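Enquirer: turn this into a structure:
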Amino acid sequence: MFKHLFKLIWNRKKSNTLLLVEVFLSFLVLFAVLSVFYYNYSFYSDPLGFEYKNVWIANLSPNSDDEDETRTNVENMYNLLNSFTQIESFSFCSDYTHPYAGNTWVNGYKNVEGVYVNTILHSGDDDFAKTAGLNFIEGRWFNKSDDAALVQPIVVNKLFKETFFNESSVAGKKFQRFDDNGKPEADYTVIGVIDNYKYKGEFVEESPKIFRRFNYRDTTANFRRNNSILIKVKAGTSIAFEEKLVGEISRITKGWNVKVSQLEVIRDRYIKDKGIEILVPSSIAFFLILNVALGLMGVLWYSINRRRTEIGLRRAIGASGKRILLQIIGEAIVLGTFAIVIGIAFAVQVPILQLFDTKIGIYIAGILTASVFLYFIITICAFYPSVLAAKVQPVDALHSE
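Expert: Numbers count the residues shown, from 1 in each chain. The predicted model follows:
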């Protein structure tokens, strides 16, 4: 039966060319949209690695170059934040470290085996892990015992450990970073390994990361370019406290520019913007598929009216209404198959040519989902015209003749 249907559709290829092109284009658009969706979902489903509820970020802009004044202001801020009962914990950190930071600091690390790893650098004080809610796999975060460390202590994320080391456990491991000529540049001791830290947001791929210890009192070397405070407040803290916090910091720092933002609000805006990026092509795909569905129903409806004599003759020689229904649906599915196969031939070129740095599984999922969805739409659109065809009686065909 299927061989007959394929032959039937092939013989009518000229009359079905427009519909074939529409289904083909719909497949390509669906494949692209679904691949983008699966690409983003693969990142979204990974652990974020930090807490955003009841966490605020204060960005500070000093208005003086006086180091003593800056040091005094920082110390006053530390004491002020400690005095608020609404604050559970806080951390002085660099403006390229806190969640949803706009800045990035990247450095390259080459290990003894010559493996070169582009690594994102972060800096946070002893309370950063607690305030941000980092998840440790092994080891610990920085504390006062590191004051006496002879080798710089660092904390790395899981991906850096897997990429840079070839060991199951690295807490306590000492290593050197090498330059392009193979000479040692710096010595480090890994004191802890955390899980993900996707500080750029849910839809960004995790990358190797290193955390270095930051002393908030070291204003001469750090604070003027590391001017952020991560603050975890108690649940239920009102917006009025945010206004009070900004006012108090501005007062004791003699007019420093202070901007406090809630991570939950930043995250909601970030997800909304990402949703719009996906919604626009999805809307285009929806209207294209709607156009294909209406076109398919119209073509089948017109075809049935033209073939009433043929359908009536088949009923007269014993074909049941069910067989007529299955034939019409089968013709629509075969028509869709021609277009989908051509679409798949084009779609598989994307991973073969490696046009994008994306896992092949995402493309496979996009191809399969687009194919299944189009077959579903085609079957639904063909069902009602097929029911009408199944109701055609021999006497109706003779009357129309």
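Enquirer: C-alpha from now on. contacts and neighbour counts both.
Expert: Fine.
Enquirer: what helices or strands is the helix or strand that Phe346 is a member of leaning on?
Expert: In this structure, Phe346 is located in helix 321-347 according to DSSP states H and E. Taking 3 or more C-alpha pairs under 8 Å, 6 or more residues apart in numbering; DSSP states H and E as the contact definition, the neighbouring helices and strands of helix 321-347 are helix 2-11, helix 17-44, helix 360-390.
Enquirer: now tabulate the ones you listed in JSON lines and tack on mean pLDDT.
Expert: As requested, these are exported to JSON lines (pLDDT from 0 to 100):
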{"stretch": "helix 2-11", "mean pLDDT": "55"}
{"stretch": "helix 17-44", "mean pLDDT": "85"}
{"stretch": "helix 360-390", "mean pLDDT": "84"}
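Enquirer: which residues sit against the next helix or strand after the helix holding Phe346?
Expert: Secondary structure here is assigned by DSSP H and E; on that basis, the next helix or strand after helix 321-347 toward the C-terminus is helix 349-353. Counting by C-alpha atoms under 8 Å, 6 or more residues apart in numbering, helix 349-353 makes contact with 356, 358, 360, 363, all of which sit outside it.
Enquirer: now helix 349-353: how far from the chain's centre is it?
Expert: Centroid separation for helix 349-353 versus its chain: 21 Å, with C-alpha atoms, centre = their mean, to the nearest Å.
Enquirer: flag every buried residue along it.
Expert: Of the residues in helix 349-353, those buried by neighbour count under the rule 16 or more other C-alpha atoms under 10 Å are Pro351.
Enquirer: can you tell which of the helices and strands packed on helix 321-347 is closest to Arg212?
Expert: Between Arg212 and the helices and strands packed on helix 321-347, the shortest separation by C-alpha to C-alpha is 25.6 Å, and it involves helix 17-44.
Enquirer: buried stuff in the closest one?
Expert: Within helix 17-44, the residues that count as buried by 16+ other C-alpha under 10 Å are 19-40, 42-44.
Enquirer: equivalent analysis for stretch 290-303, please.
Expert: Within stretch 290-303, the residues that qualify as buried are 292-293, 295-297, 299-301, counting by 16+ other C-alpha under 10 Å.
Enquirer: would you turn those into JSON lines with distance to Asn59, secondary structure and pLDDT?
Expert: Formatted as JSON lines, the entries for the buried residues of stretch 290-303 read as follows, by distance: C-alpha to C-alpha, whole Å; DSSP: H, G, I helix; E, B strand; the rest coil; pLDDT from 0 to 100:
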{"residue": "Val292", "distance to Asn59": "52", "secondary structure": "helix", "pLDDT": "74"}
{"residue": "Ala293", "distance to Asn59": "53", "secondary structure": "helix", "pLDDT": "77"}
{"residue": "Gly295", "distance to Asn59": "56", "secondary structure": "helix", "pLDDT": "73"}
{"residue": "Leu296", "distance to Asn59": "57", "secondary structure": "helix", "pLDDT": "72"}
{"residue": "Met297", "distance to Asn59": "59", "secondary structure": "helix", "pLDDT": "74"}
{"residue": "Val299", "distance to Asn59": "62", "secondary structure": "helix", "pLDDT": "71"}
{"residue": "Leu300", "distance to Asn59": "63", "secondary structure": "helix", "pLDDT": "69"}
{"residue": "Trp301", "distance to Asn59": "64", "secondary structure": "helix", "pLDDT": "71"}
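Enquirer: make JSON lines out of those residues and add distance to Ala347.
Expert: Formatted as JSON lines, the entries for these read as follows, by distance: C-alpha to C-alpha, whole Å:
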{"residue": "Val292", "distance to Ala347": "19"}
{"residue": "Ala293", "distance to Ala347": "22"}
{"residue": "Gly295", "distance to Ala347": "24"}
{"residue": "Leu296", "distance to Ala347": "23"}
{"residue": "Met297", "distance to Ala347": "26"}
{"residue": "Val299", "distance to Ala347": "27"}
{"residue": "Leu300", "distance to Ala347": "28"}
{"residue": "Trp301", "distance to Ala347": "31"}
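Enquirer: and which of these is nearest Ile333?
Expert: Using C-alpha to C-alpha, the shortest approach to Ile333 within those belongs to Leu296, at 10.8 Å.
Enquirer: domains in the protein, by residue range?
Expert: The chain is divided into the following domains under automatic domain parsing: 2-45+269-400, 63-255.
Enquirer: nearest to Val55, of the ones you listed?
Expert: Val55 sits nearest to domain 63-255 of all the domains of the chain, at 4.4 Å, using C-alpha to C-alpha.
Enquirer: so how far does the closest one reach from one end to the other?
Expert: With C-alpha to C-alpha, to the nearest Å applied, domain 63-255 spans 7 Å between its terminal residues.
Enquirer: any idea how far that domain is from the chain center?
Expert: 24 Å.
Enquirer: and it, what's its mean pLDDT?
Expert: Model confidence over domain 63-255, given as mean pLDDT, is 86.
Enquirer: for the longest strand seen in the chain, packing partners?
Expert: Looking only at the chain and at elements set by DSSP state E, the strand with the highest residue count is strand 184-194. On a contact count with 3+ C-alpha pairs under 8 Å, 6+ apart, strand 184-194 meets strand 136-139, strand 152-157, helix 158-164, strand 174-178.
Enquirer: quick one, which of the ones you listed is nearest to Trp256?
Expert: By C-alpha to C-alpha (comparing all of those), the closest turns out to be strand 152-157, at 31.3 Å.
Enquirer: for that closest one, name the packing helices and strands.
Expert: In this structure, strand 152-157 packs against strand 184-194, strand 209-213, with contacts taken as 3+ C-alpha pairs under 8 Å, 6+ apart.
Enquirer: partner strands of the last one, with direction?
Expert: Neighbouring strands of strand 209-213 in its sheet, by DSSP bridges, are strand 116-124 (parallel), strand 152-157 (antiparallel).
Enquirer: got JSON lines for the ones you listed, with distance to Ile137 and mean neighbour count too?
Expert: What follows is the strands paired with strand 209-213, written out as JSON lines (distance: least, C-alpha to C-alpha, whole Å; neighbours: other C-alpha atoms under 10 Å):
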{"stretch": "strand 116-124", "distance to Ile137": "18", "mean neighbour count": "19"}
{"stretch": "strand 152-157", "distance to Ile137": "9", "mean neighbour count": "23"}
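Enquirer: now do the closest residue in space to Val292 that isn't next to it in sequence against Ile231, distance only.
Expert: Distances taken as C-alpha to C-alpha, 6 or more residues apart in numbering place Glu22 nearest to Val292, at 6.0 Å, with adjacent residues excluded. Remark: distance between Glu22 and Ile231 (C-alpha to C-alpha) = 54 Å.
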